[in-house]
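Asker: give me coordinates for this.
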Amino acid sequence: MGNQFQDLKAMIIDDSKTIRRTAETLLTKVGCQVVTAVDGFDALAKIADHKPDIIFVDIMMPRLDGYQTCALIKNNKDFKNTPVIMLSSKDGLFDRAKGRIVGSDQYLTKPFSRDELLNAISEHVG
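Answerer: Just a heads-up that it's a prediction; the model follows:
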């Protein structure tokens, strides 16, 4: 199982330091390279440099929310095929539907487990 995640690049976009740190720790342990961003603007500045294989983005963020960030990623021809997983602290049907409209590939409710993170990567990468 370890090999599957070896050197895979994951980006975590969340304004919560705790969530960024948690995800980074879990993913680094299985061999992923992790890039973190504090919001959508920060993420967009880093995506081109790091070219992540998968992106996890929190919905509720200041300035540019997760939906807007996802839409901008999916509207960019270089990154439109990069899987984007929405992270939300509420498990709402409306949020899921809205996530699908902007092109997200999956929706995880926070707090997420290690398995949920890894399963999302397994499902969408490679």
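Asker: quick one, strands of this structure?
Answerer: For the chain, the strands defined by DSSP state E occupy 9-13, 33-37, 54-58, 84-88, 106-109.
Asker: any chance of a markdown table for these, columns distance to A48 and mean pLDDT?
Answerer: (Each C-beta comes from the backbone N, C-alpha and C, glycine too.) Formatted as a markdown table, the strands of the chain follow (distance: least, Cβ to Cβ, whole Å; pLDDT from 0 to 100):
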| stretch | distance to A48 | mean pLDDT |
| --- | --- | --- |
| strand 9-13 | 12 | 98 |
| strand 33-37 | 11 | 98 |
| strand 54-58 | 13 | 97 |
| strand 84-88 | 15 | 96 |
| strand 106-109 | 23 | 94 |
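Asker: among those strands, which comes closest to K77?
Answerer: Ranking the strands of the chain by distance to K77, with Cβ to Cβ as the measure, places strand 84-88 first at 15.0 Å.
Asker: per-residue pLDDT, the nearest residue to D65 once chain neighbours are set aside?
Answerer: Closest residue to D65 apart from its sequence neighbours, by Cβ to Cβ, 6 or more residues apart in numbering: I59 at 6.2 Å. The per-residue pLDDT reported for I59 equals 94.
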